[in-house]
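> Provide a 3D model corresponding to the input given below.
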Amino acid sequence: MKLKRIMAAVLTAVLALTAFFGSALPVNAAGLADLKSLLSGGGAKEKEMEEEKEKGMVERSLVQTGNVFRLKKAIEKARNGEDVTIAYIGGSITEGASASVHEKSYAYASFKEFSKLYAKDTKKMHYVNAGMSGTPSSLGIMRYQRDVLEAAETAPDIVVIEFAVNDNNEATKSKAFEGMVRNILNAENAPAVILMFSVFQNGLWNMQSTYIPIGEAYGLPMVSIKDAISPEITSGAMKNEDFFASDGWHPLDFGHQIMTDCMVNLFKNADAAREPLKDAAFPKKPVYGADYENLLVLDRLSANEYDGVTLTEGSFSETDTITGSFAYSKKQKLPDNFKHGKNSGSQPLTVKLTCKNFLFSYKLSSAKNTLGKAEIYVDGELVKTVNGYNAGGWNNPETIEVFNNEEAAEHTVEIRMAKDSENLEFTVLLMGFSV
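Down below sits the predicted model:
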């Protein structure tokens, strides 16, 4: 780089003298051409080095292609001009945070690249983005039905799951993540599942060491952005600010492009791989647990759809419209909720059901004098007290596991406003259970 700058300065000086003295100054035109060529070659060399560096990142990102039986079927459908849906579910990185426009987010850009590579008819390609900022897989498994299946024009052929930076201290200890994988794989149309492991700047941290064993057990394709960029960051070949936004969490356009290239590399490797004779089988024993397989969701729309489940809304009779909206679709997030308004009363929201476990998601807000506390009773016993007020809240969901038992039993779950919060607000966003 120093040599290039020196030579550029020499060239500039020579050209300036030539212009000043005209033909009086003897100038070797061939020498000038050689100098220009050398400088141009330096630029080409730099470009070549950058391309090699990016190639190395992309190649390192491929944890495994896994069993590509399902992914090849999706590629084949696209080549045949059939409808193909690619769905992405995860946190804010999947939602497109810090990309200048959504079209530059890794999710949309990798979808478009898949379409360019394989689609006979791009109009038959369908995109679903179910990224939701600040949310873990324990909420993702509850959202999947509404935000993916009901949002899709056709059943998803490929589902990309990205929760590797959202699941720190996740309530179910990875059982919801594995349950979501099992639920998607069990779908009638047999979609492919891809695990995407994004990364945070601080410590180049993610949870891939926890989730790679799931990918290995189920034969899933996996991509690691941590593996891709860590050597470049630690060696100083790439700066944090090249990849990450100033918050240290989300990739900039360049980072999203690297993620896109890593996804495309997986697609190409899967396409080039020999087709397996059969699909991957489920492991004989779950990695962390199948507790949340076949999870059922309770919200205002589905509350009365299940046999043997009775829900009484009590004083939680309002609907909260301030729950945020999706960056891509602009639709409201978690709209079918149960809100306790100010002065709504003290009657509990009551659910009577037979189940093994119970997940509960509620809204957090920084409105200190507006949001209150709620108490969760199971069979008459107080088991949890949760506070809707949080100084760092932004109307975002918080998800907890109320209980998880080995055997299903009849239970009554009550959500009551705490005595000092009966005149304050609280929103139950979503509940889930399995039988």
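> what stretches of this protein score poorly on pLDDT?
For the chain, residues meeting the criterion pLDDT under 70 lie at 1-43, 45-46, 48-49.
> that one - how does it break down into domains?
What automatic domain parsing lists as the domains of the chain is 2-20+28-58, 59-272, 296-434.
> reformat those domains as CSV; add distance to Lys278.
Glycine gets a C-beta too; all of them are placed from N, C-alpha and C. Output for the domains of the chain, formatted as CSV (distance: least, Cβ to Cβ, whole Å):
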stretch, distance to Lys278
domain 2-20+28-58, 29
domain 59-272, 7
domain 296-434, 29
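> looking at the ones you listed, which is buried most?
Comparing the domains of the chain by mean neighbour count (mean count of other Cβ atoms under 10 Å), domain 59-272 ranks first with a mean of 20.
> OK, contacts around Lys124?
Neighbour list for Lys124: Ala78, Gly81, Glu82, Asp83, Val84 [criterion: Cβ atoms under 8 Å, 6 or more residues apart in numbering].
> quick one: the last one and Tyr127 touch, right?
Just to be clear, that refers to Val84. No. Applying Cβ atoms under 8 Å, one finds Val84 not in contact with Tyr127, separated by 10.1 Å.
> now name the helix or strand holding the closest residue to Ser317 other than its chain neighbours.
Residue nearest to Ser317 in three dimensions, not counting chain neighbours: Ser344, with 6.7 Å by Cβ to Cβ, 6 or more residues apart in numbering. Here Ser344 sits in a region with no helix or strand, counting by DSSP states H and E.
> same deal with Lys352?
Counting by DSSP H and E, Lys352 is part of strand 349-365.
> hey, C-alpha coordinates of the helix or strand that comes right after that strand in PDB?
Per DSSP H and E, the first helix or strand lying C-terminal to strand 349-365 is strand 373-378. C-alpha atoms of strand 373-378 as PDB (Å, rounded to 0.1, in the frame of the first residue of the first chain):
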ATOM      1  CA  LYS A 373     -47.400  -6.500  37.800                       C
ATOM      2  CA  ALA A 374     -49.300  -9.700  37.200                       C
ATOM      3  CA  GLU A 375     -49.400 -12.900  39.300                       C
ATOM      4  CA  ILE A 376     -49.600 -16.300  37.700                       C
ATOM      5  CA  TYR A 377     -51.400 -19.000  39.700                       C
ATOM      6  CA  VAL A 378     -51.400 -22.700  38.800                       C
END
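> list the contacts of strand 373-378.
Strand 373-378 has contacts (Cβ under 8 Å, 6+ apart) with 340, 348, 358, 360, 362, 382-389, 402-403, 411-418, 420-421, 426, 428.
> show me the beta-bridge partners of the spatially most central residue of the chain.
Nearest to the geometric centre of the chain sits Gly90, at 2.5 Å (Cα atoms, centre = their mean). Beta-bridge partners for Gly90, by DSSP bridges, are Gly131, Glu162.
> quick one: it and Tyr144 touch, right?
No. Contact criterion Cβ under 8 Å: Gly90 and Tyr144 do not qualify, at 11.5 Å.
> which neighbours do these two have in common?
Ala130.
> of the contacts of Lys124, which belong to strands?
Among the contacts of Lys124, DSSP state E puts Val84 in strands.
> which of the contacts of Lys124 lies closest to Gly308?
Gly308 has its nearest neighbour among the contacts of Lys124 in Asp83, at 36.5 Å by Cβ to Cβ.
> right, and the closest one touches Glu153 too?
Yes. With contact defined as Cβ under 8 Å, Asp83 reaches Glu153; the gap is 7.3 Å.
> which neighbours do those two share?
With Cβ under 8 Å, 6+ apart, Asp83 and Glu153 have common neighbours His126.
> after the helix or strand hosting Val383, next one along is what?
Using DSSP H and E, Val383 maps to strand 381-387. Sequence-wise, the next helix or strand downstream of strand 381-387 (DSSP H and E) is strand 394-417.
> the very next helix or strand once past that following strand pairs with which strands, parallel or anti?
The helix or strand immediately downstream of strand 394-417 is strand 426-434, counting by DSSP H and E. Applying DSSP bridges to the sheet, strand 426-434 is found paired with strand 296-298 (antiparallel), strand 338-340 (antiparallel), strand 349-365 (antiparallel).
> got a markdown table for these, with distance to Tyr211 too?
A markdown table is the format used below for these (distance: least, Cβ to Cβ, whole Å):
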| stretch | distance to Tyr211 |
| --- | --- |
| strand 296-298 | 23 |
| strand 338-340 | 32 |
| strand 349-365 | 19 |
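> closest one to Met132 among the ones you listed?
Nearest to Met132, of all those, is strand 349-365, at 11.0 Å by Cβ to Cβ.
> from the chain's centre, how far out does that closest one sit?
A distance of 24 Å separates the centroid of the chain from that of strand 349-365, by Cα atoms, centre = their mean, to the nearest Å.
> do the same with stretch 226-237
Stretch 226-237 sits 21 Å away from the centroid of its parent chain (Cα atoms, centre = their mean).
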